[in-house]
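Undergrad: the following block contains a protein sequence and its predicted model.
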Amino acid sequence: MSFFEEQNPEMDRYLETHASSEPEILRKLRRETYQKTTQPHMISGYQQGRLLTIVSQMIQPKNVLEIGTFTGYATLCLTAGLAKDGKITTLDVNEDLAYLPKKYFEESEFAGQIDFKLQDAKEFLRETDQIFDFIFIDADKENYAEYFRLIKPRTKSGSVVMFDNVLWYGKVLEENPKQRSTQIIKELNDLIAKDDDFENLILPLRDGVNFLRRK
């Protein structure tokens, strides 16, 4: 649950009831995530999932990168707009939970287009020479600023990048935060705002999404 959901749950319910319906496979995955994981709030929410789906359908990416798979909800939303010969590479390091996204990826109509890797994202980004049309990052916050530095060379003009949880329960308003994750998220937002190669907007959706487009 996000800072904004806690502040106004009625508005959150209103937003959900006035958005497009959730596909059955995502409904099942969301239910199982809450049944079988200890931190189900880490799942991309219904509203955020709709945003990922719509953006993917608009840009019809050929090559997508996701950092932070968790149970695969966002992954399946991102596949919705994939080009016919497109693929999504999704990275995570949680071996114990890997069975759950694998199960739903295999059930999905996009099974052949999803490359699920149990690999450190920094390692992957330093080794790959791929260029991505769409990058979604919802992973360890302490590495957010480093992820931004590493993904930049892996984008091109028109590439879309989204970082999740960039308002961090409102903690980004703290002037001198003691929490390391808060410090890094503030650093990330500053880096993006000052980078002339991108145009961006922070959307106050759930816990905040920094939405970027490479010029």
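TA: Now that the structure is in, tell me what you want to look at.
Undergrad: my guess is A121 meets Y147, correct?
TA: Yes - assessed by C-beta atoms under 8 Å, A121 is found in contact with Y147 at 6.6 Å. Where you see a C-beta, it was placed from the backbone N, CA and C, and this is true even at glycine.
Undergrad: shared neighbours, those two?
TA: Listed as contacting both A121 and Y147 by C-beta atoms under 8 Å, 6 or more residues apart in numbering are 67, 139.
Undergrad: give the next helix or strand downstream of the helix or strand of the chain with the lowest mean pLDDT.
TA: The weakest-scoring helix or strand in the chain, judged by mean pLDDT, DSSP states H and E, is helix 3-7 (a mean of 53). Using DSSP states H and E, the helix or strand that follows helix 3-7 in sequence is helix 9-17.
Undergrad: by contact count, what packs against that next one?
TA: Contact analysis of helix 9-17 by 3 or more C-beta pairs under 8 Å, 6 or more residues apart in numbering; DSSP states H and E lists helix 46-59 as its packing neighbours.
Undergrad: for the helix it packs on, give me every contacting residue.
TA: 12, 15-16, 19-20, 22, 26, 30, 44, 64, 73-74, 77-82, 133-134, 136, 158, 160, 162, 164, 203, 205-206, 209.
Undergrad: okay, buried residues for that helix please.
TA: Using 16 or more other C-beta atoms under 10 Å as the test for burial, helix 46-59 gives 46-53, 55-56, 59.
Undergrad: could those residues be laid out in JSON lines, adding distance to E107 and pLDDT?
TA: Output for the buried residues of helix 46-59, formatted as JSON lines (distance: C-beta to C-beta, whole Å; pLDDT from 0 to 100):
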{"residue": "Y46", "distance to E107": "19", "pLDDT": "86"}
{"residue": "Q47", "distance to E107": "23", "pLDDT": "89"}
{"residue": "Q48", "distance to E107": "21", "pLDDT": "92"}
{"residue": "G49", "distance to E107": "17", "pLDDT": "94"}
{"residue": "R50", "distance to E107": "20", "pLDDT": "95"}
{"residue": "L51", "distance to E107": "23", "pLDDT": "96"}
{"residue": "L52", "distance to E107": "19", "pLDDT": "97"}
{"residue": "T53", "distance to E107": "17", "pLDDT": "97"}
{"residue": "V55", "distance to E107": "23", "pLDDT": "97"}
{"residue": "S56", "distance to E107": "19", "pLDDT": "98"}
{"residue": "I59", "distance to E107": "25", "pLDDT": "97"}
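Undergrad: export those to JSON lines and tack on distance to R213?
TA: Putting the buried residues of helix 46-59 into JSON lines (distance: C-beta to C-beta, whole Å) gives the following:
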{"residue": "Y46", "distance to R213": "24"}
{"residue": "Q47", "distance to R213": "21"}
{"residue": "Q48", "distance to R213": "18"}
{"residue": "G49", "distance to R213": "20"}
{"residue": "R50", "distance to R213": "19"}
{"residue": "L51", "distance to R213": "14"}
{"residue": "L52", "distance to R213": "15"}
{"residue": "T53", "distance to R213": "18"}
{"residue": "V55", "distance to R213": "10"}
{"residue": "S56", "distance to R213": "14"}
{"residue": "I59", "distance to R213": "10"}
